[in-house]
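**Q** sequence first, predicted model second:
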Amino acid sequence: MRKSRLPHHGNTTGGILILGITAALMFSGHARAQDRTTIVETDALTLRWHLQGGLNAVSESNLFWDLATATASGSGFDPNTQWLEGYLKPGLSFDYQLDTGATLYGKVSAVSSHTWGTDAFDRGDTGATTLEEAYFAVRGVSGSGLSWDLSIGPRELSLGTGMLIANGATSGFERGALKFGPRKAWEMAAIGRLSQGNLAATAFYIDPNELPSTDGNNELAGLDLRLDDPRGGYLGATYVHVLKSDSPYPQAAAGGSGPPRVTSGAREGTNTFNLYARTNPFADTLENWTFTGDFAYQWNDRIDMDAWAGRVTAGYAFANLPWSPNLTLGYQTFSGDDPDTTTLERFDPLYYQGSPSAWATGSKSASTFINSNVNALTLALRVQPSPQDTLTLRYAHIRANQLNSPVQFGQATRVDASGNIVSGVSDAHLADDLFLEYSRIINRHVFLTAGVSVSYPGRGIKDVVGGDAEPWTGGFINVVFNF
């Protein structure tokens, strides 16, 4: 059985992380009027240093509702563990003003991350140092007021609400820092932007920074159009085309009986169109309300794929109450593959932003289910006892869209009591997640976050276990600094 291990003092990465946080805490108490990150500043050139980092302590009990006992009894997986993870992200950036009025700019950074102990995916004492950003760019404004911006090289890119294109890199596993996920930049990106007034267009080519052990050789390209309302709303559309990919798609067995069929390279050629909006169309009569909506349609004629997804939310700010409560109700859904058709209806979420405040399906459940063949009714209540302190309570009721069809990628394929090979779940109710998070702004550079969460398994999970299943619980506390 797996044993959790405490961090050992002989690891130089851990020493650097601790020193980095100590230095940040010391520097934060000695703020100077000027920007302390400026190395060089002349009329034409500005050179700055950057530094991010953090430490995160995590504890998990009854991981994944102890599904391993039912679906992989010989794996030796221990559902109870604790670990410590950390990262450092140093970088340099520059801006150089040309005589033409255009600006050359760029940034280079790296991420060094490590996990001490064994994490939720049974990987322990792992870490890596990788290049993060290394882009060169130029921007300017034409005489007609049209702004333009061109860049090439590894950098971050997030489009719309982060439903499809947000997280360009993978952490965890051999790279460490599973929960932090400090890597965000695409391994290669070519980005062109044009904007005038409140309208912006972005054309892009991106290659994700995937784990060496599971690199799917993915390359994507597309276009995003966005109109921003000065009052805070927006309306946008994104089109994404997968130029190249070795990544497979699972498809439900005919009639839902048998293991899923996995087609290698099926993602290549997939197209996705996403509409997104945020507005209050009834501002005069529904003051303090905010409404958002996302819809995505996905197709791939080469493999007969037809999938969809969407989300709607309604939020209300109690502006006159103490602690400024904000309540948001949402519903999100992602199509699953119908086992009674030959068409593949399983939605591919691509590279979505999976944090609880963005596109996670549940808090703990998001570590089990990707945004495919699931739907969730969500509720979030946020209060601010002070400008520095925020408490957020999140609830998610999570269900499967299609029974006897892969919910994630087919990992729960198993032999049932009758000796038949089955996949997915036979009851739609997957889980109910609760997550309480506390955030504290220590100062402008240092932040503390702590949280506790519990996931109660639904009948769909209990049937996989073959009886009753206990809740999955956990907690974390971390400190992050950012210069």
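**A** Received, thanks.
**Q** just the helices in the stretch 351-483 of the chain please.
**A** 459-465 (DSSP state H, counting those that start in this stretch).
**Q** where are the low-confidence patches of the chain?
**A** 1-34, 71-73, 409-422 (pLDDT under 70).
**Q** tell me how many other residues crowd Tyr205.
**A** 16 (other C-beta atoms under 10 Å). C-beta: built from backbone N, CA, C; applies to glycine.
**Q** that one contacts Asn218, doesn't it?
**A** No - at 11.7 Å, Tyr205 and Asn218 do not qualify as touching, with contact defined as C-beta atoms under 8 Å.
**Q** which parts of stretch 233-248 are buried?
**A** 233-234, 236-238, 240, 242, 244-245, 247-248 (16 or more other C-beta atoms under 10 Å).
**Q** please, where are all the helices along the protein?
**A** Assigned by DSSP state H, the chain shows helices spanning 12-28, 67-71, 459-465.
**Q** now for the last one, which elements pack on it?
**A** By that I understand helix 459-465. helix 67-71, strand 429-441 (3 or more C-beta pairs under 8 Å, 6 or more residues apart in numbering; DSSP states H and E).
**Q** go again using 6 Å as the cut-off
**A** Applying 3 or more C-beta pairs under 6 Å, 6 or more residues apart in numbering; DSSP states H and E, we find helix 459-465 packed against strand 429-441.
**Q** who does the strand it packs on pair up with?
**A** Paired neighbours of strand 429-441 in the sheet (DSSP bridges): strand 389-400 (antiparallel), strand 446-457 (antiparallel).
**Q** quick check: the gap between the closest residue in space to Arg139 that isn't next to it in sequence and Gly192.
**A** Counting by C-beta to C-beta, 6 or more residues apart in numbering, Arg139 lies nearest to Asp149, which is 4.1 Å off, once chain neighbours are set aside. As judged by C-beta to C-beta, to the nearest Å, Asp149 and Gly192 stand 7 Å apart.
**Q** with Leu146 instead?
**A** 13 Å.
**Q** quick one: which of these two has more around it?
**A** Between Leu146 and Gly192, counted using other C-beta under 10 Å, Gly192 has the larger neighbour count: 15 against 12.
**Q** for that one, give its distance to Asn274.
**A** 19 Å.
**Q** likewise Gly474?
**A** Distance, Gly474 to Asn274, by C-beta to C-beta: 32 Å.
**Q** on that earlier part again, redo the strands paired with strand 429-441 as JSON lines? Include mean neighbour count and distance to Ala254.
**A** What follows is these, written out as JSON lines (neighbours: other C-beta atoms under 10 Å; distance: least, C-beta to C-beta, whole Å):
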{"stretch": "strand 389-400", "mean neighbour count": "19", "distance to Ala254": "18"}
{"stretch": "strand 446-457", "mean neighbour count": "19", "distance to Ala254": "28"}
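**Q** export those to TSV and tack on distance to Leu98?
**A** Compiled in TSV, the strands paired with strand 429-441 are given as follows (distance: least, C-beta to C-beta, whole Å):
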stretch	distance to Leu98
strand 389-400	42
strand 446-457	37
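**Q** out of those, flag the one nearest Lys107.
**A** Nearest of the strands paired with strand 429-441 to Lys107, taken as C-beta to C-beta: strand 446-457 at 21.7 Å.
**Q** mind listing residues that contact the closest one?
**A** Outside strand 446-457, the residues within contact range by C-beta atoms under 6 Å, 6 or more residues apart in numbering are 24, 28, 65, 363-365, 431-442, 469, 471-481.
**Q** out of those residues, which are buried?
**A** Buried among those by 16+ other C-beta under 10 Å: 24, 65, 363-365, 431-437, 439, 469, 471-476, 478-481.
**Q** please export the C-alpha coordinates of stretch 270-290 as CSV.
**A** Extracted in CSV, the C-alpha atoms of stretch 270-290 (Å, rounded to 0.1, in the frame of the first residue of the first chain):
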residue,chain,number,x,y,z
THR,A,270,-12.7,18.5,-34.7
ASN,A,271,-14.4,21.9,-35.1
THR,A,272,-16.0,23.8,-32.2
PHE,A,273,-18.1,27.0,-32.3
ASN,A,274,-18.7,28.8,-29.0
LEU,A,275,-21.0,31.8,-28.3
TYR,A,276,-20.6,33.6,-25.0
ALA,A,277,-22.3,36.6,-23.3
ARG,A,278,-22.6,38.5,-20.1
THR,A,279,-25.2,41.1,-19.6
ASN,A,280,-28.1,42.5,-17.7
PRO,A,281,-30.8,43.1,-20.3
PHE,A,282,-33.2,44.4,-17.7
ALA,A,283,-30.9,46.9,-15.9
ASP,A,284,-33.7,49.4,-15.3
THR,A,285,-36.0,46.8,-13.6
LEU,A,286,-33.6,44.2,-12.3
GLU,A,287,-30.8,46.2,-10.7
ASN,A,288,-27.9,44.2,-9.2
TRP,A,289,-28.6,41.1,-11.4
THR,A,290,-26.1,39.6,-13.8
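**Q** hmm, who's touching it?
**A** Contacts for stretch 270-290 (C-beta under 6 Å, 6+ apart): 160-161, 163-164, 233-242, 292-300, 315-317, 319.
**Q** of those, which belong to strands?
**A** 234-242, 292-300, 315-317 (DSSP state E).
**Q** contact partners for the residue lying closest to Thr202 once chain neighbours are set aside?
**A** The spatially closest residue to Thr202, leaving aside those adjacent along the chain, is Asp224, at 4.4 Å (C-beta to C-beta, 6+ apart). By C-beta under 6 Å, 6+ apart, the contact set of Asp224 is 159, 202, 238.
**Q** mind doing that once more with 10 Å?
**A** Each residue near Asp224 by C-beta atoms under 10 Å, 6 or more residues apart in numbering is listed here: 157, 159-160, 164-165, 193, 200-204, 236-240, 274, 276.
**Q** ditto for Asp389
**A** Here Asp389 is in contact with 323, 383, 438-441, 448 (C-beta under 10 Å, 6+ apart).
**Q** which strand residues bridge it?
**A** Beta-bridge partners for Asp389, by DSSP bridges, are Ser386, Arg440.
**Q** how much space separates it from Ser147?
**A** 38 Å.
**Q** got it, and Glu133?
**A** 22 Å.
**Q** higher neighbour count, the two?
**A** Using other C-beta under 10 Å, the more surrounded residue of Glu133 and Ser147 is Glu133, with 23 against 14.
**Q** can I assume that one is in contact with Gly106?
**A** Yes - the pair Glu133 / Gly106 is scored as a contact, 8.7 Å apart, by C-beta atoms under 10 Å.
**Q** give the residues shared as contacts by those two.
**A** Common neighbours of Glu133 and Gly106 (C-beta under 10 Å, 6+ apart) are 92-93, 153, 155.
**Q** of the residues you listed, which is the nearest to Gly124?
**A** Arg155 (31.4 Å).
**Q** tally of neighbours for the closest residue to Gly140 other than its chain neighbours?
**A** Distance criterion C-beta to C-beta, 6+ apart; nearest residue to Gly140, sequence neighbours excluded, is Ala102 at 3.6 Å. Number of residues near Ala102 (other C-beta under 10 Å) recorded here: 14.
**Q** thank you kindly, that will do.
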